[in-house]
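> Sequence first, predicted model second:
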Amino acid sequence: MGYPLRTGQAALWLACTLATHSAFATAPQNLHEHPAWLTLGHYHQGTFGAGYTSQADDPAFFLSENGKTSPRAELAATLHAIQQPGEGNDHARCRFPARDAWLREQLDLPKDPVNCPAYDEWASTLNTEKVTLVFAASYLNSPSSMFGHTFLRLDPPQDDKEADLLLANTISYAADAAQHDSELLFAYRGIFGGYPGITAIKPYYEMIRLYNDIEHRDLWEYTLNLSEPEVDTMLAHTWEIQDKNFDYYFFDENCAYRLLALIDVARPGTDLLAEVSTHAIPSDTVRWVRDKDLVESIHYRPSAATVVSHSLDSLPPEHQSIAAAIANGYVKVKGPEVQALEQNDKARLLDATYDYVRYQSEADGWPREFAAPLSHQLLVTRSGIDDAPPITPVPEPEVRDDQGHDTFRLSLGSGQLAHQEFTQLTLRPAYHDIVDPPAGYRTGAQLQFLRLDARLYHDNHELQVEQITGVEIRSLSPRNPFFSPTSWQVGFGGRRTDTGTDRVLTPYLEGGAGGSWRLGSKTQAFALATADLEIDDDIRRGYDFAPGADLGLLHQSNPFSLLGGVKTKAWIVSSQHRQDQLYLKGNWHIGREFSLFTEFTREDHFDRYQSTWQAGIHAYF
Amino acid sequence: MKKVIAGAILLGASSMAFAQPGCGVGAMIWKGQSGIVPHVLGATTNGMASQTVSMTFGIVGCNTNQNVQSMAMLIDSRGSAIAAEISRGNGENLDAMAATLGLPQEERPAFFSLLKSNFNTIFPSPESTTGETVDAIVTLMEKNETLRKYVAA
């Protein structure tokens, strides 16, 4: 059926090719396999080394009909198009300025200037001298940002007196999710595809508002050492991909991934994308960029939460009490307690109280009717005090996120379960266990996923899967007079469960919520109400449910981490037994590359006592 | 001038569409426009920073320069930080605001102290809106011999 048509197409193609031969320069045989061309086209080789496919999911990104799968055809089409006479926004040279520049360089074509009004205005408005990779630290309370987020900031020339970094533009790549999609749908489509990814350009102050103020994430700014021509190439390629669709995937083709591609384009041969295997965690991508010597300088920008904690901590204790009293409406802004203060102390108190009220309005939704008049009074009073010295800036954390332990963990241990000896191997692709080396991670936070624990029992040489953790999230944040966050946890996967006669691998879902209180600078005590659900046909009624409680202590410091406590679960559907546990986990950290670990659990279940202990080593890659 | 208003223009890429030109900030229509003008102080947000914003600037109106529009956008986004920095007399958001207006470094201390001593005029009540705030700042500058030129329409 389609035969004559194809012949026709072929004839046409042949004609074009011939025309190209006669009038224009053509590409050498293998130029389309040049890494720079493959990077510009976002081409990747198939799993078995066969053929190339571009990750761009948008016909507008290609000049050849076969461009998606043929770098050769796309190169020929591009070469042809850029040599056509004319100019203006629709000309290929204006649509693909990075390809144009590269091909002209490679083939020694005349570099005649071309008039591209839209692109030229865009580039001059961006007014970029340097590029900074900005990393928004992880934030557990939203699944879409647990691993952190990265975007690029386009810094104006330093000698430009009218420029300001807050007004600089940023490039980010994000899933274009519909507002009304639930977090669950967001997670599903994020993992399996279905969201178009878009390149967005916004002023830096909007990003600061979003990440620093609303989500309370610290920002780390890594200024890259790209030269001016490299920056120009990056912008030219940004122009090529902006408004083009690249499907968005949470784990690999995510926000961080597309930015790595931009850096690869800017400095050919960098090949950051080669570092990406199954997933691109933003904090890992920062490490790769750092390890490729791309970073010139690093700057820390604390979140609103960090700033308010710092300004409250900087007050003497008796002033802290006054601040809390003002914020809660017990003391008036013009009250005698405030009037009695010396001017500079008063300024500091008013500043800290305003920061706190503003934080609570954003984070805790303090009612406007209360917060707005109070904020106004605080500022009016503060504006009457002149020349108060500013407080010391928030100290930069000693260890940055990218200096924390690597996120892949391999563990080897050996131990006993009710006097049966076993050797255990654990693979944990990401990200952080609450007892891992804490430097560079949020205190009290844990996020693990796709963790596999396998045991070999020595007696009968039986290899058993002990646990598969799909996702496990824990957030223990201490409460104090100013902040009262909820501590919570959630997890699912498969684990060995005791049916009374056997240990069977059972799907489970668990969660908990409660509070945590600081006992020392590195120690907190927590109390959580928990719920567990297990579903398996080996359980008498097919499933079992247990309300319970978990009371414990957590200590996290550079030399060691310790987690211990008691757990109780009342299995009320099938087994109708209480399961009580005493648990203790200790990790002794050797730098951030290794930890020696030991775990002990004493359990009372089905009216018998049973102990499990294990010791071994964790290695972080 | 073009450089400093970069922020304003480029927002177009994702979150904002420009309506017919010629009517200043009032012509910018935000996606998901709610029609509610937010208050600068104690603004409550639901995590959608720019979604709740609708910049219908009756007061700033159509006859203003682009720098003032850039300042308006900055105040709309960073209003509560800017209000605090005005009361303190310094800060990076205030510097960014001076940059949107094209104020050179040497004129900023005088500008900041003018704002500080007129805090009550700029924010007469907790209900001040972005538009009213911008208008008050522009009026203050117009009355000032050296600062007048930066807000000339």
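Structure's in. What do you need?
> and residue A:523, how many neighbours?
Applying other Cβ atoms under 10 Å in any protein chain shown, we find 15 residues neighbouring residue A:523. Bear in mind the C-beta positions are built from the backbone N, C-alpha and C, glycine included.
> OK, contacts around it?
With contacts defined as Cβ atoms under 8 Å, 6 or more residues apart in numbering or on different chains, residue A:523 is in contact with A:553-555.
> Please pick the buried ones from the residues you listed.
The neighbour-count test (16 or more other Cβ atoms under 10 Å in any protein chain shown) marks A:554-555 as buried among the contacts of residue A:523.
> Show me which of the contacts of residue A:523 is closest to residue A:77.
Within the contacts of residue A:523, distances to residue A:77 taken as Cβ to Cβ reach their minimum at residue A:554, with 60.1 Å.
> wait, the closest one sits on residue A:434?
Yes: taking contacts as Cβ atoms under 8 Å, residue A:554 lies within contact range of residue A:434: 6.7 Å.
> joint contacts of these two?
Both residue A:554 and residue A:434 are in contact with A:444, A:476, A:561, A:563, where contact means Cβ under 8 Å, 6+ apart.
> mind listing which of those residues are in strands?
Secondary structure assignment (DSSP state E) places A:561, A:563 from those within strands.
> Most neighbours among the shared contacts of residue A:554 and residue A:434, which one?
Neighbours were tallied for each of the shared contacts of residue A:554 and residue A:434 (criterion: other Cβ under 10 Å), and the maximum of 25 neighbours falls on residue A:476.
> Enumerate every residue touching that one.
A:434, A:444-445, A:487, A:516, A:524, A:526, A:554.
> Just put the shared contacts of residue A:554 and residue A:434 in TSV and tack on pLDDT.
Written out in TSV, the entries for those read as follows (pLDDT from 0 to 100):
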residue	pLDDT
A:444	90
A:476	91
A:561	97
A:563	97
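> where do the strands sit along chain B?
Under the criterion DSSP E, chain B contains strands at B:16-18, B:28-30.
> So in terms of bridging, what pairs with residue A:424?
residue A:413, residue A:455 (DSSP bridges).
> And for residue A:150?
Beta-bridge pairing for residue A:150 (DSSP bridges): residue A:135.
> May I ask you to confirm that residue A:506 is in contact with residue A:496?
Yes: using Cβ under 8 Å, residue A:506 is in contact with residue A:496, at 7.5 Å.
> which one of those two has more residues nearby?
Each of residue A:506 and residue A:496 has its neighbours counted (other Cβ under 10 Å); residue A:506 has more, 21 against 16.
> Can you tell me how far that one is from residue A:533?
Here residue A:506 is placed at a distance of 10 Å from residue A:533 (Cβ to Cβ, to the nearest Å).
> how about residue A:389, phi and psi?
When read as degrees, to the nearest 10, the backbone of residue A:389 gives phi -70, psi 140.
> give the contact list for it.
residue A:344.
> Grab the most central residue of chain A for me.
residue A:148 (2.1 Å; Cα atoms, centre = their mean).
> what sits against that one?
Contacts for residue A:148 were tallied using Cβ under 8 Å, 6+ apart; they are A:135-139, A:217, A:281-283, A:401.
> which one among these gets closest to chain B?
The closest of those to chain B turns out to be residue A:139 (Cβ to the nearest Cβ; 11.3 Å).
> What helix or strand is the residue lying closest to residue A:571 once chain neighbours are set aside located in?
Of all residues beyond its chain neighbours, the one nearest residue A:571 is residue A:546 (4.6 Å), with distances taken as Cβ to Cβ, 6 or more residues apart in numbering or on different chains. If you go by DSSP states H and E, residue A:546 is part of strand A:543-556.
> Mind giving me the packing neighbours of that strand?
Where contact means 3 or more Cβ pairs under 8 Å, 6 or more residues apart in numbering or on different chains; DSSP states H and E, strand A:543-556 is packed against strand A:503-518, strand A:523-535, strand A:560-570.
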